[in-house]
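Peer 1: Build me a model from this:
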Amino acid sequence: MNGPSKRLAVVPGWPAVWPLQSAAVLLGLLLIFSAPATRSQEAQTGPPSVRSVSGQFVVSAQQNDSPWFRRANFAADTNLVRLDPALLAVSAERFKLALWAQLGIRPGSTWSGKIFLTLYPAQSTNDNVNIEIVPLPNAWSYRVQLPNVVNRTRFARALTGVLLLEIANRANPNAGHSAELPPWLTDGLARQILGGEQGKLILSAPSEKTDALFLSGADSTKVAGGVYESRVDNKERGSDPLADARRILQDTAALTYDELCWPSDAQMNGYDGGAYFASAQLFANSLLGLEGGAEKMRTFLNQLPGCMNWQTAFYAAFHEQFKRPLDVEKWWTLRVIRFAVRDPGPRWTADSSRERLADLLAVPVEFRDAPDSLPDHTVISLQSAIRNFQSGQLAAILEIKRRDFEMAQFRMAQPFAVLADGYRAVLTDFLGTGRKTPRLVIAGKTIINGHHGLSVAEAVRRLDALDARRRDLEAKLDASAPPKTLNP
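Peer 2: Below is the predicted model of the structure:
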């Protein structure tokens, strides 16, 4: 008997694994995989499964229609995809080739795991997408359950995740342990493919409104090869796959390496304004841009099943660039800054620069009046943080602040940009970055530089001097501002 299958919930909360409880369930899954589902004699027989051109994808669908198909605004929402078995088989093959191209895998290369795509009637625009992993005697098999109306990003994440699992498990001798993917890899490559999408990559079936217009002859919709041309997504994204990431990171700070490794549920659901997705895409894109990056990424995937965690496989594959987390953090910080310098976006006004600088100088903290009381939130100055925080916690905060100062100065009005650079210089000197023998401390899950720079008293003195210059500048701006009147 084969080992138990696993289910991987892609959205929300990628990745989480739950083992199925019995071999009987596994046998049922295998039977579903091997034959198309049938209905009782009273019901009509469903359409047969559709196989993709390579045979790797097998697509089937339940017969019940989704109420979302009848929504008048569905056809106008370009972020939603209406999945049809025949079109999904084509989209899956095209998506696979796009992912293979990112990893340097040639078209026509062999694959080992079949992927069964099952469509079920969508009840909302936020239905779950699940991946079930089934070990077989000589390979692995995967079943993806998708709503037939799905968000475009969620669809891309699901296909990217299952395709990466198939690549990672190809030479996996341990049928009881599937590869586990880091979230930034799945989400980063999914966004990379969507950002570089050219032409007809994701095919969406026509809505009922489109069908009716076509049958009545009232619309210019045409059919070519059995596909409604008006519902084929033909959105040109341009030559820069990072265009969306660039737009988001112009106004939002990129995540740190530690945050990319351990994103929150809110970030993975896009509640941070897309900063996590943009950061994950830039991180994956930057790794692939290293010398031999695609080959190293394939090595990383191949080593995942034999490692207890993905970090071990990552440092083994990218050992020429990174020996430890500190190396990745330094490289990533420089990459983010260079990315911002290339196209920092429009300059902020003096008022906006003033507000942004004030935000950067504030350090959020929480405190309790009593051990059993609820926490209160407030902000303190950089000077207070330097005086009172422990070294490991302080270094982690100042590393992020220093990076944010360096990125913000490229968009600030000139006087505030000079001040931001001054604050960055103080933090750099205090942290002692660049010394040959830095002391390492552990902060959370990241190893960072210990303090070997300015003394606390000297750092506070220089920060106080910068604060005085900032207050003088703000006073001059207030004095030169036109008077406010009740009846302008």
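Peer 1: contacts and neighbour counts: CA atoms only from here.
Peer 2: Fine.
Peer 1: Show me which helix or strand of the protein is least confident by mean pLDDT.
Peer 2: Sorting the helices and strands of the chain by mean pLDDT, DSSP states H and E puts helix 23-34 at the bottom, at a mean of 30.
Peer 1: Can you tell me which helices and strands the next helix or strand along the chain from that one packs against?
Peer 2: Under the assignment DSSP states H and E, the closest C-terminal helix or strand after helix 23-34 is strand 50-51. Secondary-structure packing of strand 50-51 (3 or more CA pairs under 8 Å, 6 or more residues apart in numbering; DSSP states H and E): strand 57-61, helix 85-103.
Peer 1: Check those for me and report the most buried one.
Peer 2: When those are scored by mean count of other CA atoms under 10 Å, the highest mean neighbour count falls to strand 57-61 (a mean of 24).
Peer 1: For that one, name the packing helices and strands.
Peer 2: Counting by 3+ CA pairs under 8 Å, 6+ apart, strand 57-61 packs on strand 50-51, helix 85-103, strand 115-120.
Peer 1: The last one: partners in the sheet, and parallel or antiparallel?
Peer 2: According to DSSP bridges, the neighbouring strands of strand 115-120, each with its direction, are strand 57-61 (parallel), strand 140-147 (parallel).
Peer 1: Give the rounded mean pLDDT of it.
Peer 2: For strand 115-120, mean pLDDT is 93.
Peer 1: Please apply the same query to the shortest one.
Peer 2: Averaged across strand 50-51, pLDDT comes to 92.
Peer 1: Partner strands of that strand, with direction?
Peer 2: Counting by DSSP bridges, strand 50-51 is paired with strand 57-61 (antiparallel).
Peer 1: orientation of the partner strand relative to helix 85-103 in degrees?
Peer 2: If you take axes from the mean of the first three to the mean of the last three CA atoms, to 10 degrees, strand 57-61 sits at 150 degrees to helix 85-103.
Peer 1: Could you identify the helix or strand that succeeds strand 57-61?
Peer 2: strand 80-82.
Peer 1: how far does that following strand sit from the chain's center?
Peer 2: Mean C-alpha position of strand 80-82 versus that of the full chain (CA atoms, centre = their mean, to the nearest Å) differs by 20 Å.
Peer 1: Same question for stretch 145-153.
Peer 2: That offset, for stretch 145-153, works out to 17 Å (CA atoms, centre = their mean).
Peer 1: Now it: average pLDDT?
Peer 2: Across stretch 145-153, pLDDT averages out at 89.
Peer 1: Now the terminal residues of it, how far apart.
Peer 2: The first residue of stretch 145-153 is 16 Å away from its last residue (CA to CA, to the nearest Å).
Peer 1: Please enumerate the helices of the stretch 251-400 of the chain.
Peer 2: Secondary structure of the stretch 251-400 of the chain by DSSP state H, counting those that start in this stretch: the helices cover 257-261, 265-268, 275-288, 293-303, 310-317, 325-342, 350-361, 382-388, 391-408.
Peer 1: List the contacts of the helix or strand following the last one.
Peer 2: Past helix 391-408, heading to the C-terminal end, the next element that is a helix or strand (DSSP H and E) is helix 414-431. The set of residues external to helix 414-431 that reach it, using CA atoms under 8 Å, 6 or more residues apart in numbering, is 350, 353-354, 357, 395, 398-399, 401-403, 405-406, 408-411, 449-456, 459, 462-463, 466, 470, 473.
Peer 1: CSV for the strands paired with strand 115-120, including distance to Ala479?
Peer 2: Output for these, formatted as CSV (distance: least, CA to CA, whole Å):
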stretch, distance to Ala479
strand 57-61, 69
strand 140-147, 60
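Peer 1: Which of those sits closest to Ala370?
Peer 2: Set against Ala370 and scored by CA to CA, the strands paired with strand 115-120 come closest in strand 140-147, at 48.7 Å.
Peer 1: Adding distance to Ser279, write the helices and strands packed on strand 57-61 out as JSON lines.
Peer 2: Formatted as JSON lines, the helices and strands packed on strand 57-61 follow (distance: least, CA to CA, whole Å):
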{"stretch": "strand 50-51", "distance to Ser279": "35"}
{"stretch": "helix 85-103", "distance to Ser279": "17"}
{"stretch": "strand 115-120", "distance to Ser279": "29"}
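Peer 1: wait, which of the ones you listed is closest to Ala278?
Peer 2: Among those, the nearest to Ala278 by CA to CA is helix 85-103 (17.0 Å).
Peer 1: how far off helix 275-288 does that closest one point, in degrees?
Peer 2: For helix 85-103 against helix 275-288, the angle by the same axes, to 10 degrees is 50 degrees.
Peer 1: quick one: average confidence on helix 85-103?
Peer 2: 93.
Peer 1: Run through who's touching that helix.
Peer 2: With CA under 8 Å, 6+ apart as the test, helix 85-103 has contacts from 49-54, 57-61, 106-107, 119, 159-160, 163, 189, 193, 201-205, 227, 288, 294-295, 297-298.
Peer 1: same question, stretch 144-152
Peer 2: By CA under 8 Å, 6+ apart, stretch 144-152 touches 66, 68-69, 79-84, 115-122, 125-132, 158, 162.
Peer 1: Need the buried ones from those residues selected in ChimeraX.
Peer 2: Selection of the buried residues among these in ChimeraX, burial being defined by 16 or more other CA atoms under 10 Å:
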select :66,68,69,80,81,82,83,84,115,116,117,118,119,120,121,122,127,128,129,130,131,132,158,162
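Peer 1: any weak-confidence spans in this structure?
Peer 2: 1-47, 64-78, 173-176, 197-200, 206-239, 343-345, 433-452, 481-488 (pLDDT under 70).
Peer 1: again, only using 50
Peer 2: Within the chain, the segments meeting pLDDT under 50 span 1-46, 199, 208-238, 434-451, 486, 488.
Peer 1: Output the helices and strands packed on strand 50-51 in CSV, with distance to Asp244 appended to each entry.
Peer 2: Shown next, in CSV, are the helices and strands packed on strand 50-51 (distance: least, CA to CA, whole Å):
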stretch, distance to Asp244
strand 57-61, 30
helix 85-103, 18
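Peer 1: So which bits of stretch 250-270 are buried?
Peer 2: Judged by neighbour count (16+ other CA under 10 Å), stretch 250-270 contains these buried residues: 250, 252-257, 259-261, 263, 267-269.
Peer 1: Looking at the residues you listed, which two lie furthest apart in space?
Peer 2: Farthest pair in the buried residues of stretch 250-270 (CA to CA) is Gln250 and Cys261. Separation: 22.0 Å.
Peer 1: Quick check: closest non-adjacent residue to Trp140.
Peer 2: Nearest residue to Trp140, sequence neighbours excluded (CA to CA, 6 or more residues apart in numbering): Gly113, at 5.1 Å.
Peer 1: Now the one you found: phi and psi?
Peer 2: Backbone geometry at Gly113, expressed as degrees, to the nearest 10, gives phi -110, psi 130.
Peer 1: Run a quick neighbour tally on it.
Peer 2: Other residues near Gly113 number 23, with proximity taken as other CA atoms under 10 Å.
Peer 1: next one: Leu164
Peer 2: With other CA under 10 Å as criterion, Leu164 counts 21.
Peer 1: returning to what we had before: separation between the residue nearest to Trp140 and Gly306?
Peer 2: Taking CA to CA, one finds Gly113 at 18 Å from Gly306.
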